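> okay, predicted coordinates and the sequence, questions at the end:
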Amino acid sequence: MPTILVVDDDLLIRDMLSTAWPRLWPDVTVLTTADGDEALQVLLAQPPDLVVLDIELPGRSSFAVLREIRQISDVPIIILTRRDDEYDQIRGLELGADGYVVKADGIVVLTARIRAVLRRVQRLRGARGTSDLVVGSLTLSPRTQQVAIHGRPVSLTPVEFPLLYHLAANAGRVLPYETLTTRIWGPDATRTAEHLRVIVSRVQTKIERVGGPRCIENERGLGYRLVPPFPIAHQPSAED
């Protein structure tokens, strides 16, 4: 039974989702909070399966809350916006959000997006049984969604992991932008090459942070590929 945490200062939104979701989705549990500080407390006390975060919270910036959540959890996060503002979308993705929904799209669209994210997370965990995918110094575990480079763990979000997994499963082969956006967000998601670039950049930064090489190449106008054989990163010596 999935548990969804809704973070929104609008009481009408919180009440609507708390009332409507159990009717549309009988086995769901809905937790609600009006601000970021309380959301972080709930997240630690009763970890949800997904967070819906209003991008216009009063007081502490929603982006600051998003950043703090990502420091302690890889829970899927969908940002909720009042307008179709690409800046908010890109900023949210840069900080670790897994998707966004415009409030005007309505509860049915929001519910469908949430279910799609949860299905992809579950499907990926069961991908190719429980066998790890190993490419050079890179190891990915679909069952646990854990990643390691030279045995050192790399923490990826539920939208970052499928990107790296699909690239690793097709190492050396260019995957078109459309293929990657579909595999990450689903066939109905309205994501652009810019949204995808943000996720690639986040993954690359995390890989480099633990000593991995710059391994994801952009074939301009075509797509991305993981460069085989994902060589061993240079280990500094005493003379370096």
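Perfect, I can see it now. Residues are numbered from 1 along each chain as shown.
> after the lengthiest helix in the chain, which helix or strand is next?
If you go by DSSP state H, the chain has its longest helix at helix 107-125. As assigned by DSSP states H and E, the chain's next helix or strand after helix 107-125 is strand 133-135.
> off-centre distance for that next one?
Centroid separation for strand 133-135 versus its chain: 21 Å, with Cα atoms, centre = their mean, to the nearest Å.
> residue numbering should commence at 553 henceforth.
Yep, numbering from 553; the last one is strand 685-687 now.
> within the sheet, what are the partner strands of it, with directions?
Using DSSP bridges, the strands paired with strand 685-687 are strand 690-693 (antiparallel).
> avg pLDDT for the partner strand?
The pLDDT scores in strand 690-693 average 89.
> so what strands line up beside the next helix or strand after it?
Next in sequence after strand 690-693, counting helices and strands by DSSP H and E, comes strand 698-701. Strand 698-701 has the following strand partners under DSSP bridges: strand 690-693 (antiparallel), strand 704-706 (antiparallel).
> which outside residues touch the longest helix of the chain?
With contact meaning Cβ atoms under 8 Å, 6 or more residues apart in numbering, helix 659-677 is reached by 554, 556, 568-569, 572-573, 576-577, 601-602, 604, 628, 630, 632, 650-651, 653, 694-697, 710, 713-714, 717, 736-738, 740-741. Bear in mind the C-beta positions are built from the backbone N, C-alpha and C, glycine included.
> of those, which belong to strands?
556, 602, 604, 630, 632, 651, 653 (DSSP state E).
> what residue ranges in the chain score low on pLDDT?
676-682, 739-743, 764, 780-792 (pLDDT under 70).
> break it into its domains for me.
555-677, 685-778 (automatic domain parsing).
> quote the end-to-end distance of the shortest one.
Using Cα to Cα, to the nearest Å, the end-to-end distance of domain 685-778 comes out at 13 Å.
> distance between that domain and the chain's centre?
Put simply, domain 685-778 sits 11 Å off its chain's centre (Cα atoms, centre = their mean).
> and residue 738, how far is that from residue 598?
27 Å (Cβ to Cβ, to the nearest Å).
> for residue 562, same thing?
In terms of Cβ to Cβ, residue 562 sits 22 Å off from residue 598.
> picking that back up, farthest-apart pair in the ones in strands among the contacts of helix 659-677, please.
Greatest spatial distance among these (Cβ to Cβ): 556 and 651, at 13.6 Å.
> circling back: output the domains of the chain as CSV; include the columns mean neighbour count.
Shown next, in CSV, are the domains of the chain (neighbours: other Cβ atoms under 10 Å):
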stretch, mean neighbour count
domain 555-677, 17
domain 685-778, 17
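> wasn't residue 583 part of a helix?
No: looking at residue 583 with DSSP: H, G, I helix; E, B strand; the rest coil, it is strand, so not inside a helix.
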